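A.B. asks: Starting from these lines, generate the structure:
(chains A and B)
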Amino acid sequence: MEKKELVKLWPALVALTIGAAYVTALLAAERQQMIITLLVLGIAAAVGAAWFGIWDAVSRSFSEHETSMGIFTLAATIAVAAYFHDNHFVLLLVITVLLYSVATLGLNVQFGYAGVLNFAGASFFGIGAYTSAVLNSQPGFPHLLVLLIGGFFAALAGSILLLPVLRTRGHYAAVVTIAFALLFKTFLEVNDVLGGPQGMQVKGMNILGWSFNDNIEIGGVSLSFYMNYFVLSLMLLACAFVLVRRLERSWIGLNLDALRLDETAASCFGIDIVRWKITAFLIGNFLIGIAGALFGMVGGFVAPNNYTFADSLILVSILLLGGIGNSWGLMVATIIVVVVPEKLQTIQEYRFLLYAAMVIAVLLFRPEGLLPRPVRQYFPGWRP
Amino acid sequence: MSALLEARGLMKHFGGVRALDGLDIGVTRNEILGLIGPNGSGKTTFFNVVTGIYAADAGQVIFDATEITNASARSVYQAGISRTFQRSRLSLPLSIFDNIMIGNHKRLNHGLWFNLIDRSKFKRELERNYHDARALLEVFEPGLAERMFEPVAGLPMIDRRRIEICRALISAPKLLLLDEPSAGMTHDETAELMDDILLVRARNENLTIIIVEHEMGVIERITDRCVVLNFGRKIAEGPYRAIAADAQVQEAYLGAA
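C.D. replies: From the prediction side, this is the model:
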């Protein structure tokens, strides 16, 4: 123990505080000029920090104290939400970031670890959302259970879809998911039971009589009803994050890396390629489905146009941007991809163009993403 | 003296090419068998057929009194055969430790509960395996054992070979197949690696090795016996000195006089 070199906690903590303050400022800013200034400042600060080697110190400190930093990140997120406690719009944006993060964590298990590309992320998200639309209207059906069922259906659909092709090598699976993404939207549009092109209303969450769609009054302070969803989404993200992180830092994560990098070598060391690919795909889809089910309840409405192939591409672009395989990186990327176009009204129309440019730039200049995945550390700060 | 591995009449054709053409090979327990022959004589194909990468067109492979003809790569590994590859096939972005652990697959617990929930138990297994891997790597290169959590990508070829051999040895196989371990290395590096292999064998009486190699110096130094292949058939067999004097072997290598 005494030989263990001391890596200080404060660089990561300072970086997190600055990051949280920055996101708060960005979310609070209304005037376009102000937002543009903030974005330019943010980019300059990030580049400057990299230039002066500050990132290295921060990331070392972060990975060494990851458990504490996880708790601080939770606290910071709660602080941001508390600051905007009565602002419906901002809270909805924060919830979107949280739930998209859960979904991209799922994609990360599939693509980042097992190497199975999923271009139907939004469709599986949609399966979760439609599950809550249908089941929430059944009187007496426990709504928390609906989340699990949403995840289950997404996993089920995924396994039916991919079982036949996972045995083949190459990117057949990716092609099948593209076909599914296109098919899924058409299926919803022609299906009258599910509301057709107009979609369906989703009843808000109600747990033991506590309705999530009512504003909250605590000691004279009124909170937006979105605070309910915020708390639940944050809990979901925390669980999903711990699960995915542990998965990566286990023999299972090692199996997935081995088969992604070299299937032949992996099978020569006894790794059951099909079994682990399917396991990864099921776990990933389960997370995507749960996130979708909750997102359906948050929005109160589902329609085929919300779950298109283009939306799936956005999820994949978050993964590419964040750093494939890096769970922290993809949460940062989710914030960028969800918040920036929403705040910067001037680029709203060009947002797909912007994503495309961003993905191309990343692939060209930083192919491992903004925050590349570090070498596996089985436990934070573990030195045997 | 019982055979650990026996191939009988092994055939493997690729289109019109007879990579293996009725090959018979027997390997005795605890011996180091050299497999030599000109390029394209079927040495690597033999390894690939035995380890389940290719299916044989005809013939039999018997390992440890069990038939493993056309068994999957997974079950061959489970039965106790490990290998290295001619072109090093490590997972470059992963650490040294991760790469060695890939080879230890059959001795690790892959349960979801164990890996995701019961982390204290997982940590104990992790630490036990860390010490095993470290001890094995120290036989080859103590310097590498200090760098277990560095990615393999930055290491020179000799270190990659060492790690590849550790990956094959960590699961304590009965039979180790080495496919041209000297490829891409200098003369001195090769000599060093062979010393290490002999040391590992000296410590482990139950290890049998088949080595494919073009460096005749290596073959002469470490093998107990050699089998010479040409056009997918065995053309000679015996100790290196006898083989080297064999007219048929010389013809295969140098062409007819």
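
A.B. asks: Please name the nearest non-neighbouring residue to whichever residue of the stretch 151-300 of chain A sits closest to chain B.
C.D. replies: Using C-beta to the nearest C-beta, the closest approach of the stretch 151-300 of chain A to chain B is made by residue A:250 at 3.6 Å. The C-beta positions use only the backbone N, C-alpha and C, and glycine is treated the same way. Closest residue in space to residue A:250, ignoring its immediate chain neighbours: residue B:115 at 3.6 Å, by C-beta to C-beta, 6 or more residues apart in numbering or on different chains.

A.B. asks: Show the pLDDT at that neighbour.
C.D. replies: With respect to pLDDT, residue B:115 scores 96.

A.B. asks: Quickly note the distance from it to residue B:174.
C.D. replies: 28 Å (C-beta to C-beta, to the nearest Å).

A.B. asks: which residues of the chain fall in strands?
C.D. replies: Assuming you mean chain A. Assigned by DSSP state E, the strands in chain A fall at A:200-201, A:206-207, A:210-211, A:216-218, A:221-223, A:301-302.

A.B. asks: wait, chain B
C.D. replies: For chain B, the strands defined by DSSP E occupy B:3-14, B:17-28, B:32-36, B:58-63, B:66-67, B:81-83, B:175-179, B:208-212, B:225-230, B:233-238.

A.B. asks: Show me which residues of the stretch 101-250 of chain B sit near chain A.
C.D. replies: Within reach of chain A by C-beta under 8 Å from any C-beta of the partner chain, the stretch 101-250 of chain B has these residues: B:101-103, B:105-106, B:108-110, B:112, B:115-116, B:119, B:122-123, B:126-127, B:130-131, B:149-151, B:167, B:171.

A.B. asks: Can I get the buried part of those residues as one ChimeraX selection?
C.D. replies: Buried members of these, defined by 16 or more other C-beta atoms under 10 Å in any protein chain shown, are picked up in ChimeraX with:
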select /B:101,102,103,105,106,108,110,115,116,119,122,126,130,149,151,167,171
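
A.B. asks: Now do the contacts for the residue nearest to residue A:250.
C.D. replies: By C-beta atoms under 8 Å, 6 or more residues apart in numbering or on different chains, residue B:115 lies in contact with A:246, A:247, A:250, A:251, A:252, B:109, B:122.

A.B. asks: Over to residue A:154?
C.D. replies: A:124, A:125, A:127, A:128, A:285, A:286, A:288, A:289, A:290, A:292.

A.B. asks: same deal with residue B:23?
C.D. replies: B:7, B:9, B:10, B:11, B:42, B:46, B:59, B:229, B:232, B:233, B:234.

A.B. asks: Just want the most central residue of chain A.
C.D. replies: Geometric centre of chain A, nearest residue: residue A:101, 1.6 Å, by C-alpha atoms, centre = their mean.

A.B. asks: Do I have it right that it meets residue A:330?
C.D. replies: Yes. Using C-beta atoms under 8 Å, residue A:101 is in contact with residue A:330, at 7.0 Å.

A.B. asks: show me where pLDDT drops low in chain B?
C.D. replies: B:1, B:255-257 (pLDDT under 70).

A.B. asks: farthest residue from the center of it?
C.D. replies: residue B:117 (36.0 Å).

A.B. asks: residues making contact with stretch A:84-93?
C.D. replies: A:27-28, A:81, A:94, A:221-224, A:226-227, A:229-230, A:298, A:338-339, A:342.

A.B. asks: pLDDT on stretch A:347-367, on average?
C.D. replies: pLDDT averaged over stretch A:347-367 gives 84.

A.B. asks: wait, does that stretch contact chain B?
C.D. replies: No. Applying C-beta under 8 Å from any C-beta, one finds stretch A:347-367 separated from chain B by no less than 12.2 Å.

A.B. asks: ok, residue A:136 - contacts?
C.D. replies: Applying C-beta under 8 Å, 6+ apart, the residues near residue A:136 are A:143, A:146, A:202, A:203, A:204, A:205, A:297.

A.B. asks: where in the stretch 151-300 of chain A is pLDDT low?
C.D. replies: For the stretch 151-300 of chain A (pLDDT under 70), the answer is A:170.

A.B. asks: now do 90
C.D. replies: A:159-176, A:191-193, A:195-197, A:203-225 (pLDDT under 90).

A.B. asks: Quick check: residues of it near chain B?
C.D. replies: Residues of the stretch 151-300 of chain A lying near chain B (C-beta under 8 Å from any C-beta): A:243, A:246-247, A:250-252, A:254-255, A:257-258, A:261-262, A:264-272.

A.B. asks: switch to 6 Å and redo it
C.D. replies: A:246, A:250-252, A:254, A:257-258, A:261-262, A:265, A:267-271 (C-beta under 6 Å from any C-beta of the partner chain).

A.B. asks: Which single one of these is nearest to residue A:114?
C.D. replies: The nearest member of those to residue A:114, counting by C-beta to C-beta, is residue A:257 at 8.8 Å.

A.B. asks: if we can go back for a sec, and the strands of chain A, which is most packed in?
C.D. replies: Most buried of those by mean neighbour count (mean count of other C-beta atoms under 10 Å in any protein chain shown) is strand A:301-302; its value is a mean of 21.

A.B. asks: Could I get the contacting residues of the nearest residue in space to residue B:63 that is not next to it in sequence?
C.D. replies: Spatial nearest neighbour of residue B:63, excluding adjacent residues (C-beta to C-beta, 6+ apart): residue B:5 at 5.1 Å. By C-beta atoms under 6 Å, 6 or more residues apart in numbering or on different chains, residue B:5 lies in contact with B:27, B:63, B:175.
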